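1. only geometry, no sequence info:
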């Protein structure tokens, strides 16, 4: 991995640290929820990264089924792994935030349940890959499941509108009677949130690139070992 | 001390902990794979010469 990757790595680390300083030292404490509201700057970015990761899985799965190019499957595989990690963090940070806010770590409401379902579907995709020995078959099954799993995301997003849930509705923007959207929080809280969303996406990009490099190198080594065995 | 500090700390420390483990593990795996690839290439060169 070259010099440009190392630069991106250092920039990402610096961005994460500066974002942390901004959230804890320069952002005021929210009046209603108090200090525990700081978890929002972790929880929402992990949600965004989860959606982005599984969107990449969705797109690459369709691309693989269409073109049958294993590179798309490699990207989908790596994005699935990172998506599962971040989805797990969504559930964890949400539970930790829920205890002081709602008095419980977990309720079986629509949003939490559908998010857990998303986590289990993509964890299932990862496990499925371990048990299929044929590379093409593995890619095909993972692609089909990856596309089906993504259909849960719009359900998660709309769940707070469609069902009565404990989870609060979307907090970024509110729409008035005239149909105009405006931020639902003051700038002092909104800008750090937007900053943390941007930093999370940068971190996701870095992780995905790193994971893809590992996966491609692993496939090259497997190919070389196969050729060596044939000789 | 702010109220519910332990919840905020738990959330952030768990996230940091996971990536402090995951990223070095990935990088270690990458460097091991690179070493293996170089060894196989060297063996191939030696056996062909």
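-> That came in fine, so what should we check first? Worth saying up front: this structure is predicted, and the values here are computed from it rather than measured. Numbering: from 1, shown residues only, chains lettered A, B, ... in the order given.
2. residues in chain A within reach of chain B, list them.
-> Those residues of chain A that sit near chain B, judged by C-beta under 8 Å from any C-beta of the partner chain, are A:1, A:20, A:29, A:34-36, A:38-39, A:42-43, A:46, A:85, A:89, A:92-93, A:96-97, A:99-100, A:207, A:210-211, A:213-214, A:217-218, A:220-221, A:224-225, A:228, A:231. Placement of C-beta: from N, CA and C, glycine included.
3. Swap in 7 Å and give it another go.
-> A:34-36, A:38-39, A:42, A:85, A:89, A:92-93, A:96-97, A:99-100, A:210-211, A:213-214, A:217-218, A:220-221, A:224-225, A:228 (C-beta under 7 Å from any C-beta of the partner chain).
4. Name the SS class of residue B:3, please.
-> Assigned with DSSP: H, G, I helix; E, B strand; the rest coil, residue B:3 falls in the coil class.
5. these two touch, right, it and residue A:38?
-> No - using C-beta atoms under 7 Å, residue B:3 is not in contact with residue A:38, being 11.7 Å away.
6. More neighbours: those two, which one.
-> residue A:38 (25 against 12; other C-beta atoms under 10 Å in any protein chain shown).
7. Quick check: the gap between the residue nearest to the more buried one when sequence neighbours are not counted and residue A:99.
-> Using C-beta to C-beta, 6 or more residues apart in numbering or on different chains and skipping residues adjacent in sequence, the residue nearest residue A:38 is residue B:8, 5.0 Å away. Using C-beta to C-beta, to the nearest Å, one obtains 12 Å as the distance from residue B:8 to residue A:99.
8. Those two: which is more packed in?
-> Using other C-beta under 10 Å as the criterion, residue B:8 and residue A:99 rank with residue B:8 on top: 24 against 15.
9. element containing that one, please.
-> Assessed by DSSP states H and E, residue B:8 sits inside helix B:5-48.
10. Mind checking which of the residues of chain A next to chain B are buried?
-> A:34-36, A:38-39, A:42, A:85, A:89, A:92-93, A:96-97, A:100, A:210-211, A:213-214, A:217-218, A:221, A:224 (16 or more other C-beta atoms under 10 Å in any protein chain shown).
11. Would you mind listing the buried residues in stretch A:140-158?
-> By 16+ other C-beta under 10 Å, the buried positions in stretch A:140-158 come out as A:140, A:141, A:142, A:143, A:145, A:146, A:147, A:149, A:150, A:152, A:153, A:156.
12. before we move on, what about stretch A:109-123?
-> Neighbour-count burial for stretch A:109-123 [16+ other C-beta under 10 Å]: A:109-116, A:118-119, A:121-123.
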